[in-house]
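Student: just a sequence and a predicted model for now, questions to come.
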There are 2 protein chains.
Amino acid sequence: MDAQDFVPLPTTTAQAGDTPEKIELGKKLFFDPRLSATGTVSCNSCHNLMEGGDDGRPTSMGVDGLTGPRNAPTVWNSVFQSSQFWDGRAATLAEQAMGPMVADVEMGMTGHDQVIRRIKNIPDYADEFERIFGQTGAITIENAVDAIAAFERTLITPDSDFDRFLAGDQSAISAKAIRGMELFESIGCTECHSGPALNNWTGPDDVAEFVDFPRDADSPLVDRYDLVSDLGRQQVTGDESDAHLFKVPVLRNITLTAPYMHNGKVPSLAEACRVMASTQLDEDLADEEVSELIAFLSTLEGRFPEITLPRLPSRSGESVIDPIPTPDNEPHQN
Amino acid sequence: MDAQDFVPLPTTTAQAGDTPEKIELGKKLFFDPRLSATGTVSCNSCHNLMEGGDDGRPTSMGVDGLTGPRNAPTVWNSVFQSSQFWDGRAATLAEQAMGPMVADVEMGMTGHDQVIRRIKNIPDYADEFERIFGQTGAITIENAVDAIAAFERTLITPDSDFDRFLAGDQSAISAKAIRGMELFESIGCTECHSGPALNNWTGPDDVAEFVDFPRDADSPLVDRYDLVSDLGRQQVTGDESDAHLFKVPVLRNITLTAPYMHNGKVPSLAEACRVMASTQLDEDLADEEVSELIAFLSTLEGRFPEITLPRLPSRSGESVIDPIPTPDNEPHQN
C-alpha cells in the first residue's frame, strides 16, 4: 500500500468565523423548504442528510416534479473538494449553494432577490442574521450562503473502518477488503481516487483538476449507460478541449449513494466498478474482483455526526409562501 | 374562566407496545422519502416537524408537483383527536398514515403492496421489522403504520405558556392574552375549541363529532375565501345531512400553521379569527379584539421535543427507486 494513495479523513474542517451560531443558521437554511418557489424543496431534499447526502434518484427532482440531467453529488465530505458540481463550475461551497435556489428545475426561485425577500418575511431570521453578521441589512445572499457553507463544513464522516485501518488497527477491515484495496491500487483506480476523500484532493490549497470520462469511448458499457452525451466541463468553458471532463467524485460513503455516475444511469455499485474499470482502465473485472472492490469501498462508510432537527423560524400567523391555485382534478384529500 | 373549557395538555401519550425501538422505526418511516413513487416525498414533507407540523402551503404538494384541495393539518398533538383528516374519515393515526402513501397527489404509490416491496428492498428495514414485530414476514403495511403511529404519539408539545398559566403561574401570559382568553370564551369559541387541544377532544374514549362550517353561509367572508365548495364529511358518508361538516382542528401551535382553514385560503391568523367569528358566531370583531385573540392563541405554542435526524437504512450500493427518465429540456445541472 502506497501511503500517498490513502490518507485518513480529517476530523475537523472549521474555518475561522464558523461560529456555532453561524453553523446553526446555516443548518436552518439548509433544511428550509421556504427557500424554494413552491415551499417544498430544501437543500436537504436532494442532499438528504438522513441518507448518503443525496436523494437516491438517477437525477434530482425539484419544484413541480421537474428533473435535471445529473445525479446529485453527496454533500457529505463535500468540503474536501477544490471545486463543486460535476463540472466544477463553482469554486466554493458558498458559491455552489447559490445555484440550486434559482435553478428552474431545482428550487425554482426567480432570483436571489426573491430568496432574500422570502427570508426577510420571516421575522426570526432577520433577528438571527443581524445577531450573526452584526449589522442592519444583514440578510444578503452572500451571508446566507456563507452560513450554509459553514454548516456544510461540519458534514464530514471520519472514523470509518478504513480510517481505523490506516491508523494501525489491522483488524478494522476484512482480508477481503484488503484484497479489494490492493486491487484498487494495482489496476490504477488511485490515479484519480486517492487522498483523504479518494478524489485526488490534497488539501485546502488544492487546485481543481478534471479528468476525461469516459476515457475509452469504445467500451461496450459507454452506450449502455449513455456516458458520452453529457459534454461536462465544455458546457462551462465553451472550450472543446474540455469535452467530457468531469470532477473526480468523493468515494467516501459511496455504498450509500446509488445510483451512480454523473447521469445516475448505473444502478449498482458493482456495475459502477465494472464501468470505471472498463472505460478508464481498460480492465474487464471478474465477479470476485468486483466483490473485493465493494468490500473495500464499504469500509469507507464513516461515522455520521448526530444532527438535531432545527426549529425553523416560525410563520407567526402569516403565510410566507405565495398562494398557488389548486388544480381542478379530484385528488386525495387531507 | 370555566375550568371545563381549558385543560393542560397531557405530557405523555404512549400506548402499551410503544417501545423505543418501534418509535425509532416509525421515525425512520415518517422521514423516508423512498416510500413515495418518486422518492421525494415523505410524511415529513407535508407534516414538517421543523415547522408547525405542516407545510405552510395553502394545499400540499406531492409527487410530480401535484396538489390536493385541502390544507395539511398539523401532526403535532394529532394524537389528541378522535378522528383524522379534515373530514374525519380515518379513526386512528395508523389508519390515517395509510392514506397519503397511495394518494395520487401525495406520495403516489400505486398500492400498499408497492410500499411494502420498496421497504423490503432495503435490507436493514427487514432486520428492524423482524426485531420489533418478532416474526418473519414482519414487513406488512399494518406494522409499518403501527410504527408510524407510535412515533406520532410522541409528537406532543406540552409546557406552553398557557399550560403554565393553567398550572397557576399568573405571570405566564400577558394581561392582553388573558383578555383574549376571556373574549375567546365569551363570544363562544369554546363551544367547539375547548379541552387540552382546544378541539373538543375530551380523552381517549372521545367519540368523533363534526361541526357545520360555515354555519352562516351569508357571511361576506364565505365567498371571499370559497368556504362552501368543499362538502366535507358528505364526501365520506354520501349523506347530504353531512354536507359541510368538518372535524374541529387542534388550536395548539396555531400561530405556526398559516395559511388557514380546510382549503388554506385564509392567509393570516388575524383573518382566520375574523372568519371564524363571522361565520360561526355572527360576531364582527374589532381590530383590538383580533389582536387580543392572537395574543391568547400565541400562548398555545408549546415546547417541541428535540428530535435527532434518523439515519435511514442504507441502499447498500443498489438503487431502490425505479429509474425515471429525464426530460429533454436544458435544465440546471448538478
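Tutor: That came in fine, so what should we check first?
Student: are whichever helix or strand A:R131 is part of and chain B in contact anywhere?
Tutor: Under the criterion of DSSP states H and E, A:R131 resides in helix A:123-133. No: Helix A:123-133 lies apart from chain B when judged by Cβ under 8 Å from any Cβ of the partner chain; the minimum separation is 11.3 Å. Any C-beta I mention is one placed from the backbone N, CA and C, and that applies to glycine too.
Student: tell me the helices and strands packed up against whichever helix or strand comes after that helix.
Tutor: Once the chain leaves helix A:123-133, the next helix or strand it forms, by DSSP H and E, is helix A:141-152. Helix A:141-152 makes packing contacts with helix A:20-31, helix A:93-101, helix A:112-120, helix A:123-133 when contacts are defined by 3 or more Cβ pairs under 8 Å, 6 or more residues apart in numbering or on different chains; DSSP states H and E.
Student: B:W76: which of those is closest?
Tutor: helix A:20-31 (17.1 Å; Cβ to Cβ).
Student: send me that closest one as PDB with only the CA atoms.
Tutor: Taking C-alpha atoms only, helix A:20-31 is exported to PDB below (Å, rounded to 0.1, in the frame of the first residue of the first chain):
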ATOM      1  CA  PRO A  20     -21.800  27.800  16.400                       C
ATOM      2  CA  GLU A  21     -24.400  30.400  15.800                       C
ATOM      3  CA  LYS A  22     -23.500  30.700  12.100                       C
ATOM      4  CA  ILE A  23     -23.500  27.000  11.700                       C
ATOM      5  CA  GLU A  24     -26.900  26.700  13.300                       C
ATOM      6  CA  LEU A  25     -28.300  29.400  11.000                       C
ATOM      7  CA  GLY A  26     -26.800  27.500   8.100                       C
ATOM      8  CA  LYS A  27     -28.400  24.400   9.200                       C
ATOM      9  CA  LYS A  28     -31.800  26.100   9.300                       C
ATOM     10  CA  LEU A  29     -31.400  27.500   5.800                       C
ATOM     11  CA  PHE A  30     -30.200  24.100   4.600                       C
ATOM     12  CA  PHE A  31     -33.400  22.500   5.800                       C
END
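Student: give me the mean pLDDT for that helix.
Tutor: Helix A:20-31 comes out with an average pLDDT of 98.
Student: and the contacts of the helix or strand following that helix?
Tutor: Toward the C-terminus, helix A:20-31 is succeeded by helix A:43-46 as the next helix or strand (DSSP H and E). Applying Cβ atoms under 8 Å, 6 or more residues apart in numbering or on different chains, the contact partners of helix A:43-46 are A:29-31, A:33, A:35, A:54-55, A:60-62, A:72, A:75, A:97, A:100, A:106, A:148, B:40.
Student: hmm, try it at 6 Å
Tutor: Under the criterion Cβ atoms under 6 Å, 6 or more residues apart in numbering or on different chains, residues A:F30, A:F31, A:D55, A:S60, A:A72 lie in contact with helix A:43-46.
Student: give me the subset of these touching chain B.
Tutor: A:F31, A:A72 (Cβ under 6 Å from any Cβ of the partner chain).
Student: okay if I get the contacts of helix A:43-46 as JSON lines plus neighbour count?
Tutor: What follows is the contacts of helix A:43-46, written out as JSON lines (neighbours: other Cβ atoms under 10 Å in any protein chain shown):
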{"residue": "A:F30", "neighbour count": "22"}
{"residue": "A:F31", "neighbour count": "22"}
{"residue": "A:D55", "neighbour count": "25"}
{"residue": "A:S60", "neighbour count": "30"}
{"residue": "A:A72", "neighbour count": "26"}
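Student: which element, helix or strand, includes the residue nearest the centre of chain A?
Tutor: Most central in chain A under Cα atoms, centre = their mean is A:T74, positioned 2.6 Å from the mean C-alpha point. Using DSSP H and E, A:T74 is not contained in any helix or strand.
Student: surely it and A:T255 touch.
Tutor: No: in this structure, A:T74 is not within contact of A:T255 by Cβ atoms under 6 Å, at 11.3 Å.
Student: who in the stretch 51-200 of chain A is up against chain B?
Tutor: A:51, A:56-59, A:61, A:64-65, A:67-70, A:72-73, A:85-86, A:103, A:105-106.
Student: and stretch A:142-162, what's buried?
Tutor: A:143-158, A:160-162 (16 or more other Cβ atoms under 10 Å in any protein chain shown).
Student: what's it in contact with?
Tutor: Under the criterion Cβ under 6 Å, 6+ apart, residues A:9, A:11, A:13, A:18, A:22-23, A:25-27, A:29-30, A:75-77, A:79, A:93-94, A:97-98, A:133, A:172-173, A:299-304 lie in contact with stretch A:142-162.
Student: any stretches of chain A with poor pLDDT?
Tutor: Applying pLDDT under 70 to chain A flags the ranges A:322-334.
Student: quick one: the strands in it?
Tutor: Using DSSP state E, the strands of chain A run over residues A:211-212, A:245-246.
Student: dump the ones you listed into CSV; add distance to chain B as well.
Tutor: Shown next, in CSV, are the strands of chain A (distance: least, Cβ to the nearest Cβ, whole Å):
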stretch, distance to chain B
strand A:211-212, 17
strand A:245-246, 11
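Student: just say which of those is most tucked in.
Tutor: strand A:245-246 (a mean of 20; mean count of other Cβ atoms under 10 Å in any protein chain shown).
Student: residues near the closest residue to A:P100 other than its chain neighbours, how many?
Tutor: Spatially, and ignoring its direct neighbours in sequence, A:P100 is nearest to A:E106 (4.0 Å; Cβ to Cβ, 6 or more residues apart in numbering or on different chains). For A:E106, the count of nearby residues is 28 (other Cβ atoms under 10 Å in any protein chain shown).
Student: cool, and A:A91?
Tutor: Around A:A91 there are 12 residues (other Cβ under 10 Å).
Student: with adjacent residues omitted, what lies nearest to A:L166?
Tutor: A:P8 (4.9 Å).
Student: now do that neighbour against chain B, distance only.
Tutor: According to Cβ to the nearest Cβ, to the nearest Å, A:P8 and chain B sit 22 Å apart.
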